[in-house]
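J.: Got a sequence here, can you build the structure:
(2 chains)
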There are 2 protein chains.
Amino acid sequence: MDIIRVSTNSRSTSVAGAIAGVVREHDRAEVQAIGAGAVNQALKAVIIARGYLTLDGIDVICMPMFTEVYIDEQERTAIRLVVEPR
Amino acid sequence: MDIIRVSTNSRSTSVAGAIAGVVREHDRAEVQAIGAGAVNQALKAVIIARGYLTLDGIDVICMPMFTEVYIDEQERTAIRLVVEPR
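T.: Numbers count the residues shown, from 1 in each chain, chains lettered A, B, ... in the order given. Presented below is the predicted three-dimensional model:
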């Protein structure tokens, strides 16, 4: 299952559609964002995805966590949002 | 139970302590933020609070939602994070 990577410029509704699709198929999705703008987009996408999934009778919750990633050999702290049924 | 309001300048660890305290006392906390910087701080605080509460044997999850608030008679969309035991 691929991680859904979100940037500041990601469209929340597109990301939400991806999250909902992955949850429907795999019963769990992971979303990753680095920086305030990206984290904001990611969280908005999770909220919208909750709405989509509620229509399917799936009540999802979110578990946020820190994770270290390497970009251009630099260590960065990303936020990962695990989305899964309650 | 008061809503914990977070701004861009809030210290994540202080907010995390507040979240953990409210969850211990009321079995649920609500955190509210407006704007990307504040949302980022709020989510970081939830992650840190999860760590604090795990030490108490409490596994919390997060349910994000939109909520409308009025500031200076202007309607703004805030993000609210409901934190409660799994």
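
J.: What is the longest helix seen in chain A packed up against?
T.: Longest helix in chain A, counting residues (DSSP state H): helix A:36-55. The contact analysis (3 or more C-beta pairs under 8 Å, 6 or more residues apart in numbering or on different chains; DSSP states H and E) places helix A:36-55 against strand A:4-6, helix A:12-26, strand A:29-33, strand A:60-71, strand A:74-85, helix B:36-55, strand B:60-71, strand B:74-85. Quick note: C-beta positions are derived from backbone N, CA and C, even for glycine.

J.: which parts of chain A sit against chain B?
T.: Residues of chain A lying close to chain B by C-beta under 8 Å from any C-beta of the partner chain are A:35-37, A:39-40, A:43-44, A:46-47, A:50, A:61-66, A:79, A:86.

J.: The residue most central in space within chain A and chain B: what is the separation?
T.: The structure's chain A has its C-alpha centroid closest to A:V31; by C-alpha atoms, centre = their mean the separation is 2.7 Å. Here the criterion is C-beta to the nearest C-beta, to the nearest Å. By it, A:V31 lies 11 Å from chain B.

J.: Show me what that residue is bridged to.
T.: Beta-bridge pairing for A:V31 (DSSP bridges): A:I4, A:L81.

J.: Verify the stated contact: it with A:A78.
T.: No - shown here, A:V31 and A:A78 do not form a contact pair, counting by C-beta atoms under 8 Å, at 10.1 Å.

J.: Nearest spatial neighbour of A:Y70, chain-adjacent residues omitted?
T.: A:R76 (7.4 Å; C-beta to C-beta, 6 or more residues apart in numbering or on different chains).

J.: I misspoke; the intended subject was A:M65.
T.: A:R80 (5.2 Å).

J.: With that, I have no additional questions.
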